[in-house]
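Chemist: Pasting a predicted model and its sequence here:
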Amino acid sequence: MTMFIDKGREAAQDWDAVAHYLAGQGMTLDREREIRQFASGIANLNYLVSLDGKPAVFRRPPDNDAPPGAYDFARQYKILSRLGKCLPTTPRGLAYCDDTRVIGVPFLISEFRKGIAIGRELPEQLAAVDHIGSRLSALIVAALAQLHRISPVEAGLADLGKAEGFIARQIHGWHKRASRVMSGEPMRKVDLLRDWLAAHQPAERPGTLVHLDFKLDNVLVAPETLTVQGIVDWEMATIGDPCYDLMLMLSLWGEPSDGPVYAQQWYMPCTASGWWTRRQTLEVYQRQTGIHLSEADVKFYWLLAMFRNVGAIAQLITLYQREAMPNASTIDMPAVLASTLDHALALTARPLDW
């Protein structure tokens with residue numbers, strides 16, 4: 001996997017304006033060092049910069065009219081500034097700007113952590129490692145379980161969110177987001193799935209810190225030691241139901257035997273030697289956290305994750321259509337949206353298929 005996108009495809013930024021703002025905060029952006037845009041990230045734009053003589057990551061949202069709550073950089077900076085004392089793999093927040101007069105959008109700068117972000121394909125340096133799939137599976141599950149065991153109070157993040165009513169808010173919120181960008185028969189199907197979820201909510205669980213976008217390309221791995229060097233992309237994190245966080249990860253997990261609907265959404269190297277099945281992952285996670293899920297619970301959280309993914313895909317389609325994102329996906333996202341929605345609705349009437 002290439003760390004940076006081609007120079008010709010990079011989205012230009014007003015680095016002089018950024019440097020002027022940082023100088024006012026007592027920090028120096030090194031304009032003599034080359035700035036490169038990272039290849040990772042679907043919506044946000046991420047760049048390697050030099051701040052006060054050290055490598056750092058500049059992060060900003062895309063240019064668009066985002067729905068309320070999207071790209072919450074203030075929340076992300078708060079987490080990066082506090083969580084590290086309990087979770088050392090959290091990069092430290094260095095600077096945050098909410099003054100949109102500087103470059104038109106908020107931005108933040110965080111500590112750079114050296115490591116590789118792994119997507120659907122294994123990097124060359126890992127392809128020949130024995131049992132690489134099982135080792136990466138164990139690594140990411142342990143990292144998620146570790147996050148869910150942290151006390152929000154101890155981390156200084158007890159005010160990050162409200163556990164009560166979390167699942168109901170997820171159902172309502174993603175339905176509302178979908179309604180902004182969908183209509184007609186697809187939206188009618190979203191309504192049906194919303195109604196099923198509302199009628200099958202499990203009992204509320206104690207809230208934990210949840211990431212809500214936990215996958216291998218947000219976990220920076222040292223290829224020599226296969227250890228976690230950094231966990232990134234925290235802007236959606238809050239206090240909520242850890243089982244939902246787990247199921248969001250599993251919705252992108254992938255298995256070689258997956259049918260087309262699930263295979264379209266692979267974000268991890270599930271064809272690697274020894275890669276765990278979702279059931280294995282679920283079992284290990286439950287052992288490591290002490291959380292236990294009934295089969296009815298598993299089905300509910302799985303369908304809630306698919307419901308969320310439908311809303312997220314619909315939003316991304318709208319962004320691409322507005323040409324607001326220069327690094328657009330090559331996946332046929334309207335087809336993924338339609339097949340995911342139809343499959344989720346079909347699952348409401350039959351047992352889970354994994």
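Modeler: Here it is on my side, so go on.
Chemist: which residues does Pro106 contact?
Modeler: 60-61, 71, 73-74, 96-100 (CB atoms under 8 Å, 6 or more residues apart in numbering). Yep, even glycine has a C-beta here, placed from its N, CA and C like the rest.
Chemist: Thr90 now?
Modeler: Contacts of Thr90 (CB under 8 Å, 6+ apart): 79-80, 83-84, 230-231, 234.
Chemist: Please tell me how far the nearest residue in space to Pro256 that is not next to it in sequence sits from Ala12.
Modeler: The shortest distance from Pro256 to any non-neighbouring residue, by CB to CB, 6 or more residues apart in numbering, is to Thr271 (5.4 Å). Using CB to CB, to the nearest Å, one gets 37 Å for the distance from Thr271 to Ala12.
Chemist: Of those two, which one has the most company?
Modeler: Thr271 (14 against 7; other CB atoms under 10 Å).
Chemist: where does that one land in three-state SS?
Modeler: What DSSP: H, G, I helix; E, B strand; the rest coil gives for Thr271 is coil.
Chemist: Give the buried residues for stretch 268-278.
Modeler: 268-270, 272, 275-278 (16 or more other CB atoms under 10 Å).
Chemist: show me the contacts for the residue nearest the centre of the chain.
Modeler: Centroid-nearest residue in the chain: Asp213, 2.2 Å away (criterion: CA atoms, centre = their mean). By CB under 8 Å, 6+ apart, the contact set of Asp213 is 233, 236, 248.
Chemist: Flag every buried residue along stretch 130-142.
Modeler: Under the neighbour-count criterion of 16+ other CB under 10 Å, stretch 130-142 has 132-133, 135-141 buried.
Chemist: so which pair among these is furthest apart in space?
Modeler: Taking CB to CB, the two most distant members of the buried residues of stretch 130-142 are Ile132 and Val141; they sit 14.9 Å apart.
Chemist: domain parsing for this structure?
Modeler: Domain segmentation of the chain under automatic domain parsing yields 7-111, 124-347.
Chemist: ok, which stretches of the stretch 151-300 of the chain are helices?
Modeler: 166-181, 184-199, 242-250, 260-263, 278-289, 295-321 (DSSP state H, counting those that start in this stretch).
Chemist: Can you lay out these as TSV showing mean pLDDT?
Modeler: Formatted as TSV, the helices of the stretch 151-300 of the chain follow (pLDDT from 0 to 100):
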stretch	mean pLDDT
helix 166-181	97
helix 184-199	98
helix 242-250	98
helix 260-263	95
helix 278-289	98
helix 295-321	94
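Chemist: just these: most buried one?
Modeler: Most buried of the helices of the stretch 151-300 of the chain by mean neighbour count (mean count of other CB atoms under 10 Å) is helix 242-250; its value is a mean of 24.
Chemist: What's the local residue count around Ala127?
Modeler: 12.
Chemist: Can you give me the pLDDT of Thr330?
Modeler: On pLDDT, Thr330 comes in at 56.
Chemist: Identify the residues contacting His148.
Modeler: Applying CB under 8 Å, 6+ apart, the residues near His148 are 208-210, 242, 245, 289, 291.
Chemist: at 6 Å what do you get?
Modeler: Each residue near His148 by CB atoms under 6 Å, 6 or more residues apart in numbering is listed here: 208, 242, 289.
Chemist: same check, this time on Leu147
Modeler: Per CB under 6 Å, 6+ apart, neighbours of Leu147: Leu209.
Chemist: And it, how close does it get to Gly161?
Modeler: On the measure of CB to CB, Leu147 and Gly161 end up 14 Å apart.
Chemist: Then Phe214?
Modeler: Using CB to CB, Phe214 is found at 16 Å from Gly161.
Chemist: Could you do Thr89 as well?
Modeler: The value you get for Thr89 to Gly161, if CB to CB is used, is 21 Å.
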